[in-house]
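Undergrad: please find the sequence and the predicted model below.
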Amino acid sequence: MMVKVTLDLSRLLQEGRITREEHDRLALLGRRGTGSLLVNALIGFGVVGVSAGIVALLPSVLTAIPLGLVLMSAGAWLVLRERRRWDVLATILILVGALLLGASLLLLSSGQTTLNGAPPGGAGKGRPLLGLPAAYLLVATLFAGSAILARSGLLVALAVLLLSAALGSGTSYDHAFYALSVQQPLATILAFSALAAAAHAGAPQLRAAGERLANIAARTALLLVQLGFWVGSLWGDDADWIRRSLGRPIPADTFSIAWAAVLLLAAIWAGRTNRLWTLNLACIFGGIHFYTQWFESFGAAPLSLLGGGVLMLAFALGLWRLNERRAEG
């Protein structure tokens with residue numbers, strides 16, 4: 001099991017909890033590899049700058065794909081040769097290469113051949129090589145493999161998010177306007193609950209780096225489960241496969257009740273097993289769920305604002321008292 005601990009060595013030495021020899025030995029371990037970190041970072045930023053310049057001068061997937069392959073190959077070579085001093089550079093190379101390849105594949109799947117939008121006259125448009133769902137799955141697989149190679153938590157999280165996009169989920173932004181779309185709430189809940197459970201169960205069987213990636217995948221999947229419940233609690237789910245199976249859509253109230261029960265059970269389990277991240281997630285979305293349903297029912301009137309605030313403070317006081325009793329026990 002991977003455990004990270006942050007220690008103030010100077011304070012521990014002053015308080016007499018560690019000896020001078022222990023302080024120096026731990027400080028040396030913390031400094032190991034730091035000398036080459038700045039060089040790695042500078043070279044990595046230089047590579048990013050050069051890559052961005054090439055893509056800006058030649059904004060085509062025919063430029064981005066070969067460049068992405070070259071960067072990924074260089075990063076993979078450093079990893080496979082176990083050049084530990086160049087780990088940061090290898091990670092940057094693989095990350096940039098994967099992002100270039102992934103973006104290019106998604107653009108090709110939509111018929112786009114340029115990176116800056118099709119020019120006037122319809123040039124830059126081609127026949128899509130893949131449908132978008134298949135492209136999302138392909139790029140998710142690319143990101144997952146690259147994440148394992150580079151030990152990148154960012155790529156693992158992006159891979160999970162792309163799987164949700166294959167189910168029709170997504171976000172959008174316009175001026176002062178943000179939107180969240182989950183087209184299949186129940187499918188999202190079921191699929192990513194299974195993914196989170198599998199990643200959580202498999203994490204302890206992996207080495208430290210793999211366990212970290214599995215935990216990131218599980219947490220990202222749990223976040224998507226909450227978003228599925230949130231959208232479902234507002235609009236229900238009338239997907240075609242649900243209508244064929246049940247003969248009718250699933251109403252929003254069903255999602256609302258199920259979400260409250262899941263959040264309560266998750267909070268209890270997380271509290272008993274000391275899963276702080278899961279407990280925080282349950283508390284945050286518990287508050288979101290409460291306020292969503294409260295204002296959907298009563299509107300944003302002064303009395304509803306006052307009542308919602310009072311109830312939330314009462315819940316917080318109750319949780320605080322419960323934690324105090326547990327600490328005393």
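TA: Nice, thanks for sending it over. Numbers count the residues shown, from 1 in each chain.

Undergrad: just give me how far the helix or strand harbouring V156 sits from the chain centre.
TA: Secondary structure assignment for V156, by DSSP states H and E: helix 153-166. Centroid displacement of helix 153-166 relative to its chain, using Cα atoms, centre = their mean, to the nearest Å, is 7 Å.

Undergrad: contacting residues around it?
TA: For helix 153-166, contacts defined as Cβ atoms under 8 Å, 6 or more residues apart in numbering pick out 94-95, 98, 102, 132-133, 136-137, 139-141, 143-144, 146-147, 182, 188, 191-192, 195, 212-213, 216-217, 220-221, 224. For glycine as for every other residue, the C-beta is placed from the backbone atoms N, C-alpha and C.

Undergrad: can I have that helix written out in CSV, keeping just the CAs?
TA: C-alpha atoms of helix 153-166 as CSV (Å, rounded to 0.1, in the frame of the first residue of the first chain):
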residue,chain,number,x,y,z
GLY,A,153,-2.1,10.9,-13.1
LEU,A,154,-3.3,13.5,-15.5
LEU,A,155,-3.5,11.1,-18.5
VAL,A,156,-5.3,8.5,-16.4
ALA,A,157,-7.9,11.0,-15.4
LEU,A,158,-8.3,12.2,-19.0
ALA,A,159,-8.7,8.6,-20.1
VAL,A,160,-11.6,8.1,-17.7
LEU,A,161,-13.2,11.4,-18.7
LEU,A,162,-13.0,10.3,-22.4
LEU,A,163,-14.8,7.1,-21.5
SER,A,164,-17.6,9.3,-20.2
ALA,A,165,-17.6,11.2,-23.4
ALA,A,166,-18.2,8.0,-25.3
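
Undergrad: narrow the contacts of helix 153-166 to those that are buried.
TA: Buried by 16 or more other Cβ atoms under 10 Å: 94-95, 98, 102, 136-137, 139-140, 143-144, 146-147, 182, 188, 191-192, 195, 212-213, 216-217, 220-221, 224, out of those.

Undergrad: how far off centre is stretch 48-56?
TA: On the basis of Cα atoms, centre = their mean, stretch 48-56 sits 26 Å off its chain's mean C-alpha point.

Undergrad: stretch 55-71 now?
TA: From the chain centre to the centre of stretch 55-71 is a distance of 26 Å (Cα atoms, centre = their mean).

Undergrad: same question, stretch 170-183
TA: Centroid displacement of stretch 170-183 relative to its chain, using Cα atoms, centre = their mean, is 17 Å.

Undergrad: any buried residues in it, and which?
TA: For stretch 170-183, burial by neighbour count (16+ other Cβ under 10 Å) applies to V182.

Undergrad: for this protein, give me the ranges with low pLDDT.
TA: 1-7, 29-41, 43-44, 83, 115-129, 176, 298-301, 304, 319, 322-329 (pLDDT under 70).

Undergrad: domains of it?
TA: Split into domains by automatic domain parsing, the chain comes to 1-32, 37-169+179-328.

Undergrad: deepest of these, which one?
TA: domain 37-169+179-328 (a mean of 16; mean count of other Cβ atoms under 10 Å).

Undergrad: wait, doesn't Q184 sit right on D237?
TA: Yes - assessed by Cβ atoms under 8 Å, Q184 is found in contact with D237 at 6.8 Å.

Undergrad: the helices in the protein, which residues?
TA: Assigned by DSSP state H, the helices in the chain fall at 9-14, 20-31, 37-57, 61-80, 87-109, 132-150, 153-166, 185-202, 208-235, 240-246, 252-273, 276-298, 302-328.

Undergrad: by contact count, what packs against the second one?
TA: Looking back up the chat, that one is helix 20-31. Judged by 3 or more Cβ pairs under 8 Å, 6 or more residues apart in numbering; DSSP states H and E, helix 20-31 is in contact with helix 9-14.

Undergrad: what sits up against the helix it packs on?
TA: With Cβ under 8 Å, 6+ apart as the test, helix 9-14 has contacts from I18, T19, R20, H23, L26, A27, G30.

Undergrad: ok, now how distant is L263 from A194?
TA: In this structure, L263 and A194 are 19 Å apart, going by Cβ to Cβ, to the nearest Å.

Undergrad: and for L99?
TA: L99 is 27 Å from A194, by Cβ to Cβ.

Undergrad: likewise for W235?
TA: With Cβ to Cβ as the criterion, W235 and A194 are 23 Å apart.

Undergrad: re the thing from before, among the helices of the chain, which is nearest F177?
TA: Of all the helices of the chain, helix 208-235 sits nearest to F177, with 17.0 Å by Cβ to Cβ.

Undergrad: let's see stretch 196-210 as CSV, backbone CA atoms only.
TA: Provided in CSV are the C-alpha atoms of stretch 196-210 (Å, rounded to 0.1, in the frame of the first residue of the first chain):
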residue,chain,number,x,y,z
ALA,A,196,-14.3,2.6,-9.6
ALA,A,197,-14.9,-0.7,-7.8
ALA,A,198,-12.5,-2.6,-10.1
ALA,A,199,-9.8,0.1,-9.8
HIS,A,200,-10.2,0.2,-6.0
ALA,A,201,-10.0,-3.6,-5.6
GLY,A,202,-7.0,-3.9,-7.9
ALA,A,203,-5.0,-1.0,-6.5
PRO,A,204,-3.5,-2.8,-3.5
GLN,A,205,-2.2,-5.6,-5.8
LEU,A,206,-0.1,-3.1,-7.8
ARG,A,207,3.2,-1.5,-7.1
ALA,A,208,3.3,2.1,-5.7
ALA,A,209,3.2,3.8,-9.0
GLY,A,210,0.4,1.6,-10.4
